[in-house]
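*Asks:* sequence plus the predicted model coming up.
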Amino acid sequence: MTDLSGKHILLGVSGGIAAYKIPNLVRLFKKSGAEVQVVMTQSAAQFVSPLTLATLSGRSALTEIFPDATNTQSAWTTHIHLGEWADCFVLAPATASTIAKLANGYSDDMLSVCFLTMRPNKPKLIFPSMDGEMFDAPAVQRNLKTLEQDGCVIVEPEIGELASGLIGKGRLPEPEKIFERVVEALLPKEKTLAGKQVVVTAGATREKIDSVRFISNYSSGKMGFALAAVAAELGAEVILITGKTHLQTPPNVHRIEVESAEEMFRETQRYFPTLDLFVAAAAVADYRPAEVYAGKLKKSSESLPLHLVKNPDILLEFGKQKKPHQVSIGFALEIQDALENAKAKLVLKNCDIIALNLAQEAGAGFEVDTNRLTLIFRDGTIEQLPLQTKRAAAKMIFKKANFFFQKSSLTSL
Ligand SMILES: Cc1cc2nc3c(=O)[nH]c(=O)nc-3n(C[C@H](O)[C@H](O)[C@H](O)COP(=O)(O)O)c2cc1C
């Protein structure tokens, strides 16, 4: 776990249903060595008990601007001291109401007062969480834009099942993800991929059967998008070539949307001569129907034989043309003989690293936000990474890729 000892986090909690996740977030901060001061709205106390947050953080959870006058220990100016004390302000969950307050400079509760007293050079992270319709409401979007212009980092909510039972955009990310974003804000980032062109493929391809049907797989694109996001944060020029997905394009990433494996190959091939690092995280269909039926196939006979032909192997083709300074990382999703298959893939496709994940392992592979990867290197070294968020896994992968760049710059001296 990242060491945050000596860091002071002012954690604002407003009254959204996702406040139930905050005790776990406090535990993560405390485990990392950080000091946490919780400041919560009156409504937040309806969802999570101040006593729970006080116990976990080791400090009373503040709700009142006006301290108990009979308590001589309490200070009237706590809010101002906290603004100076904090290295970072985190608002999770951020309700529509508190977002509106902060965007407009209100200071009628302890949370909003503390926000206003934060020093301007300190990171302020806002994690909106609400019903999808509420999140899209023009007033909420306007207020978020204002906060962004004021220097806050707005972390987009996730798409998924909401408290209402509907599927939409508005979910608060899991505590591990919030923790990671806070770590990034608190610890200076090294632009280790500055000046490098990184091409990432992501998601599933679709192979047409007829005008309305296709063959595909369960890949969500989450691993590839996490890789693209992290590469951009590390300063790379990032081209993300992706199959169809609802995922949002990460900041500073050039997205190219494709449908079939052949299209993905064509788009990727354009960058073969110039790229420095190729990360093949897409789940590309190995085969496609030999012929695409024009129109809609009708249900007539009892069976319908489908003749499939092989698709181009993007990583293999890149491996054939690869220049000495170029680095390639392939993903292998395996079920049986995983390690042997992954090792064979590394040799066949002339890769530097194969990231192996197991399709049937809980919390890894398709669709989920976490992954457990085994990295296999050219020299035969094998490294087992822990079960972690795809973002954290992406960071570890780029750390490893950097060794190859350092090696090639040393040999070219
Ligand atoms: C069960 C329940 C769940 C709620 N969940 C949310 C939510 O997820 N996001 C939100 O913006 N408001 C939510 N609200 C409405 C807020 O609690 C309400 O707007 C409140 O005034 C927010 O106050 P605060 O921002 O001062 O904490 C919810 C209300 C109820 C009753």
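*Replies:* Thanks, I have the structure now.
*Asks:* use CA for all of it now, contacts and neighbours both
*Replies:* Noted.
*Asks:* the closest residue to G295 other than its chain neighbours: neighbour count?
*Replies:* Distances taken as C-alpha to C-alpha, 6 or more residues apart in numbering put S211 closest to G295, at 5.1 Å, once the chain neighbours are dropped. Using other C-alpha atoms under 10 Å, S211 has 12 neighbouring residues.
*Asks:* any idea how this structure splits into domains?
*Replies:* 8-186, 197-290+307-406 (automatic domain parsing).
*Asks:* and the last one, how far from the chain's centre?
*Replies:* In this case it means domain 197-290+307-406. The chain centre lies 16 Å from the centre of domain 197-290+307-406; the measure is C-alpha atoms, centre = their mean, to the nearest Å.
*Asks:* and the residue of the stretch 301-413 of the chain that's closest to the ligand?
*Replies:* The ligand sits closest to D369 of the stretch 301-413 of the chain, with a gap of 21.0 Å, by C-alpha to the nearest ligand atom.
*Asks:* just checking, that residue touches K222?
*Replies:* Yes. Using C-alpha atoms under 8 Å, D369 is in contact with K222, at 7.0 Å.
*Asks:* which residues of the stretch 1-150 of the chain lie near the ligand?
*Replies:* 14-18, 41, 43-44, 95-98, 129-130 (C-alpha under 6 Å from any ligand atom).
*Asks:* biggest separation within those, which pair?
*Replies:* T41 and M130 (15.9 Å; C-alpha to C-alpha).
*Asks:* how close does the residue nearest to Q37 when sequence neighbours are not counted get to V26?
*Replies:* Nearest non-adjacent residue to Q37, counting by C-alpha to C-alpha, 6+ apart: L10, 5.0 Å away. L10 sits 11 Å away from V26 when distances are taken as C-alpha to C-alpha, to the nearest Å.
*Asks:* list the residues that contact both of those two?
*Replies:* V36 (C-alpha atoms under 8 Å, 6 or more residues apart in numbering).
*Asks:* these two touch, right, A231 and V198?
*Replies:* Yes. With contact defined as C-alpha under 8 Å, A231 and V198 form a contacting pair (7.3 Å).
*Asks:* with neighbour numbers in mind, choose between those two.
*Replies:* Neighbour totals were compared for A231 and V198, and A231 leads with 28 against 25 (other C-alpha under 10 Å).
*Asks:* which residues does that one contact?
*Replies:* Shown in contact with A231 (C-alpha under 8 Å, 6+ apart): L193, V198, E237, V238, F398.
*Asks:* residues in contact with F115?
*Replies:* Neighbours of F115 in contact, by C-alpha under 8 Å, 6+ apart: G83, F89, L102.
*Asks:* quick one: which of those residues is most hemmed in?
*Replies:* Counting by other C-alpha under 10 Å, top hit in those: F89 with 24 neighbours.
*Asks:* can I assume it sits in a helix?
*Replies:* No. According to DSSP: H, G, I helix; E, B strand; the rest coil, F89 belongs to no helix; its state is strand.
*Asks:* surely it is in contact with V13?
*Replies:* No. With contacts counted by C-alpha under 8 Å, F89 stays clear of V13, the gap being 10.7 Å.
*Asks:* wait, a helix at V113?
*Replies:* Yes. Under three-state DSSP, V113 falls within a helix.
*Asks:* what is the neighbour count of the residue of the stretch 301-413 of the chain closest to the ligand?
*Replies:* D369: 19 neighbours (other C-alpha under 10 Å).
*Asks:* so who does it touch?
*Replies:* K222, M223, G363, T389, K390.
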